[in-house]
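Novice: Sequence and predicted structure are below.
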Amino acid sequence: MTFQVTVTPSGRQFSCEADETVLSAALRAGVGLPYGCKNGACGSCKGKITSGNVVHGNHQQRALPDNEEAQGMSLFCCAKPQSDLTIEAREIAASGEFPVKKMPTRVAKLEKLSDDVMLIALQLPANERLQYRAGQYIEFMLRDGKRRSYSMANAPHLDEQITLHVRHMPGGLFTDQVFSTMKERDILRFEGPHGTFFLREDSDKPIVLLASGTGFAPIKALVEHLIYTESTRSVSLYWGGRRPADLYMGALCEEWAAKLPNFKYVPVVSAALPEDKWNGRTGFVHQAVLADFADLSAHQVYACGAPIVVESAQRDFVAQRQLPAEEFYADSFTSEADLAN
């Protein structure tokens, strides 16, 4: 059975089959709904159903608590229609401007950035080019239909290769391979680009970039894009990790801060040991932003990393620092362990 979905306030409409999700149908129709993980964990695709009914597939309670679902909120990535729908959602211009492709790629380089973070450089076929926006991600297509998602860590103008930052998750189907058997010249397959985490370039608002762990990867791509476009927007980058070694490209960030007149870098460590000899900021990274900014009402925030960091930042920046909810853009990095909780 086919149902009709109407998006407000835009008035856009698209058809959705009873056995497909609202998000899948929207993307198929070229309607730019926001999304991130596509598996009910990050909450980026959350919107409101103002008429009609859906049934939700598996999802995380923190992404859609029962009380929010009772109020009509929905995760469109796992919501299947039971009737015609009217939904409230903020459409994103340019989200579908580049085609999603399935492509083979060759591992061009493997480089350890820290004990548990590997840089993978991917060489694309000579006659192929992946068009994407800084901040987006690709999905590796693994055996048995499984997929693993990683953000591009380089801006698209640097497109001879695609680089990724992969953290080792012991027991992980893909990351165990990366840190043990993967070698240069191996062939992989991926699909992309995906995601709506990219710069909104129709604004000149000052930017706060917030990263935890390998959430730095898409943030790095955003900074490279800002440099490439010669943006004059004020940018403050806050990068958090448990130990100083987790800030595995801190030297690059310091270089940006030294060279770029409107750029500030604030590294934050939450669990330094005496042998680290850390004398910088400590605590949780989003709390450093709270300490430095009394008012975020005129800012945009781009946050990427662990779900708890992204969720805490969104909650506190909006409630305590007057950040407009629509100016918080996020990519929550969810692992298979996160999805099981």
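Specialist: Cool, the structure landed.
Novice: remind me which residues of the chain are low pLDDT?
Specialist: Residues of the chain meeting the criterion pLDDT under 70: 93-96, 159, 334-341.
Novice: now with 50?
Specialist: 338-341 (pLDDT under 50).
Novice: Show me the domain layout of it.
Specialist: Split into domains by automatic domain parsing, the chain comes to 2-88, 101-194, 207-340.
Novice: Present the ones you listed as JSON lines; the columns should include mean neighbour count.
Specialist: Heads up, the C-betas are built off the backbone N, CA and C, glycines and all. Shown next, in JSON lines, are those (neighbours: other C-beta atoms under 10 Å):
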{"stretch": "domain 2-88", "mean neighbour count": "18"}
{"stretch": "domain 101-194", "mean neighbour count": "17"}
{"stretch": "domain 207-340", "mean neighbour count": "19"}
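Novice: Reformat those into JSON lines and put distance to Arg200 next to each item.
Specialist: Listed next are the domains of the chain as JSON lines, based on distance: least, C-beta to C-beta, whole Å:
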{"stretch": "domain 2-88", "distance to Arg200": "11"}
{"stretch": "domain 101-194", "distance to Arg200": "11"}
{"stretch": "domain 207-340", "distance to Arg200": "7"}
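Novice: how about the ones you listed, which one is nearest Glu201?
Specialist: Nearest to Glu201, of all the domains of the chain, is domain 207-340, at 7.7 Å by C-beta to C-beta.
Novice: quick check, distance from the closest one to the centre of its chain.
Specialist: The chain centroid and the centroid of domain 207-340 are separated by 13 Å under C-alpha atoms, centre = their mean, to the nearest Å.
Novice: now do stretch 10-29
Specialist: 22 Å.
Novice: Remind me what the helix ranked longest in the chain packs against, helices and strands.
Specialist: Looking across the chain with DSSP state H, the single longest helix is helix 307-321. With contacts defined as 3 or more C-beta pairs under 8 Å, 6 or more residues apart in numbering; DSSP states H and E, helix 307-321 has these neighbours: strand 207-212, helix 285-292, strand 300-305, strand 328-332.
Novice: Of all the ones you listed, which one is nearest Val54?
Specialist: strand 328-332 (21.8 Å).
Novice: May I have the strands that pair with that closest one, each with its orientation?
Specialist: strand 300-305 (parallel) (DSSP bridges).
Novice: for the residue nearest to Gly52 when sequence neighbours are not counted, which residues make a bridge with it?
Specialist: Spatial nearest neighbour of Gly52, chain neighbours left out: Leu85 (3.7 Å); criterion: C-beta to C-beta, 6 or more residues apart in numbering. Applying DSSP bridges to Leu85 yields these beta-bridge partners: Val5.
Novice: Glu311 is nearest to which of the helices and strands packed on helix 307-321?
Specialist: So among the helices and strands packed on helix 307-321, strand 328-332 is nearest, using C-beta to C-beta, at 7.6 Å.
Novice: Report the inter-axis angle for the closest one versus strand 207-212.
Specialist: 20 degrees (axes from the mean of the first three to the mean of the last three C-alpha atoms, to 10 degrees).
Novice: what's Ser24 in contact with, if anything?
Specialist: Listed by C-beta atoms under 8 Å, 6 or more residues apart in numbering, the contact partners of Ser24 are Cys77.
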